[in-house]
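Student: Take a look and give me a structure for this.
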Amino acid sequence: MDKRYLTAPCGLACFNCRYLEENITDQIRKNISEARNIPVEETGCKGCREESGYCKYMKHDCKTWKCVQEKKLEFCSDCNEFPCSYLAPTFQGASFPHNIKVYNLCRIRLVGIDKWIEESDIIQKHYFDGEFVVGEGPILIDK
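Tutor: The predicted structure is shown next:
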């Protein structure tokens, strides 16, 4: 699995997504198929870059993807306008990984993509397990 390629320009770790074709379970496929009224075989995703920014789970085009493509950047953190409003977190999406993307991009900018990839599993695990402490950040050492 090419984790660099499976890191979205906005900083999401597609390789950690439960909807990624390589990660999706039969039960998740079934749930998505029923909820969205789509065939089971169309439920998985191949990652933001492979899907050219298209996400079947969004109800609109991804403006972040379009912006990065127009500017010929690899990641939003490569932009001289980073961070911009396209990356703003939302209260409604607090349980979804979109709120961690600015943190991910800051880490990518600071330590580089390869080091961030090494950290990403731990970062995501602690984010979803509630081990991010406001003002202290995540614990980057797995317990």
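Student: contacts and neighbour counts: CA atoms only from here.
Tutor: Noted.
Student: Determine how far the helix or strand hosting Thr64 lies from the middle of the whole chain.
Tutor: Assessed by DSSP states H and E, Thr64 sits inside helix 63-71. How far helix 63-71 lies from its chain's middle: 15 Å, per C-alpha atoms, centre = their mean, to the nearest Å.
Student: Could you do stretch 14-32 as well?
Tutor: Per C-alpha atoms, centre = their mean, the centroid offset for stretch 14-32 relative to its chain is 14 Å.
Student: for the record, mean pLDDT for it?
Tutor: For stretch 14-32, the mean per-residue pLDDT is 89.
Student: gap between the two ends of it?
Tutor: 17 Å (C-alpha to C-alpha, to the nearest Å).
Student: longest helix anywhere in the protein?
Tutor: Longest helix in the chain, counting residues (DSSP state H): helix 113-128.
Student: counting contacts, what elements does that helix pack onto?
Tutor: Judged by 3 or more C-alpha pairs under 8 Å, 6 or more residues apart in numbering; DSSP states H and E, helix 113-128 is in contact with helix 101-111.
Student: mean confidence score for the helix it packs on?
Tutor: On average, helix 101-111 scores 92.
Student: got it, and stretch 63-72?
Tutor: Mean predicted lDDT for stretch 63-72 stands at 94.
Student: C-alpha coordinates for the helix holding Thr64, CSV please?
Tutor: Backbone C-alpha positions of helix 63-71 (Å, rounded to 0.1, in the frame of the first residue of the first chain) are rendered in CSV as follows:
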residue,chain,number,x,y,z
LYS,A,63,-13.3,22.4,-3.7
THR,A,64,-10.1,21.6,-1.8
TRP,A,65,-9.2,18.9,-4.4
LYS,A,66,-9.9,21.3,-7.3
CYS,A,67,-7.8,24.1,-5.7
VAL,A,68,-4.8,21.8,-5.1
GLN,A,69,-5.0,20.5,-8.7
GLU,A,70,-5.2,24.1,-10.1
LYS,A,71,-2.2,25.1,-8.1
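Student: Thanks again, I'm all set now.
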